[in-house]
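Participant: predicted model, plus sequence, below.
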Amino acid sequence: MDGRAIAPAYPEVVNGPHNRTPRSRSLTLEELAQRCHAVPVSDADELAADIWESDEELDAFLVDLRASRTTSLS
């Protein structure tokens, strides 16, 4: 981590009433990771999740996802 400051995604949570970090100061990536008790991932397989019961179920989801991205919202 290079120490660059980042804006918290949820400033009201990170800078809530029990946290004394001023709202005007962005947290560094290291500070945010410490507050979230984040740990490095040593193996990408740790992130894998088998959520689809079949290839067909995954394919149906992807078709629906693509359709939702191309459908006009108006």
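Facilitator: Nice, thanks for sending it over.

Participant: show me where pLDDT drops low in this structure?
Facilitator: For the chain, applying pLDDT under 70 flags the ranges 1-24, 72-74.

Participant: what ranges do the strands span in it?
Facilitator: 5-6, 27-28 (DSSP state E).

Participant: now the longest helix along the chain - C-alpha only, CSV.
Facilitator: Counting residues, the longest helix found in the chain (DSSP state H) is helix 55-70. The C-alpha trace of helix 55-70 is given here as CSV (Å, rounded to 0.1, in the frame of the first residue of the first chain):
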residue,chain,number,x,y,z
ASP,A,55,-23.8,-23.9,-15.8
GLU,A,56,-27.3,-23.4,-17.1
GLU,A,57,-28.2,-21.3,-14.0
LEU,A,58,-25.1,-19.2,-14.5
ASP,A,59,-25.9,-18.7,-18.2
ALA,A,60,-29.5,-17.7,-17.4
PHE,A,61,-28.2,-15.1,-14.9
LEU,A,62,-25.7,-13.7,-17.5
VAL,A,63,-28.5,-13.4,-20.1
ASP,A,64,-30.7,-11.5,-17.7
LEU,A,65,-27.8,-9.3,-16.6
ARG,A,66,-26.9,-8.4,-20.2
ALA,A,67,-30.6,-7.7,-21.0
SER,A,68,-30.9,-5.4,-17.9
ARG,A,69,-27.9,-3.4,-19.1
THR,A,70,-29.3,-2.9,-22.5
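
Participant: what packs against it?
Facilitator: Using 3 or more CB pairs under 8 Å, 6 or more residues apart in numbering; DSSP states H and E as the contact test, no helix or strand touches helix 55-70. Using the backbone N, CA and C atoms, a C-beta is placed for each residue, glycine as well.
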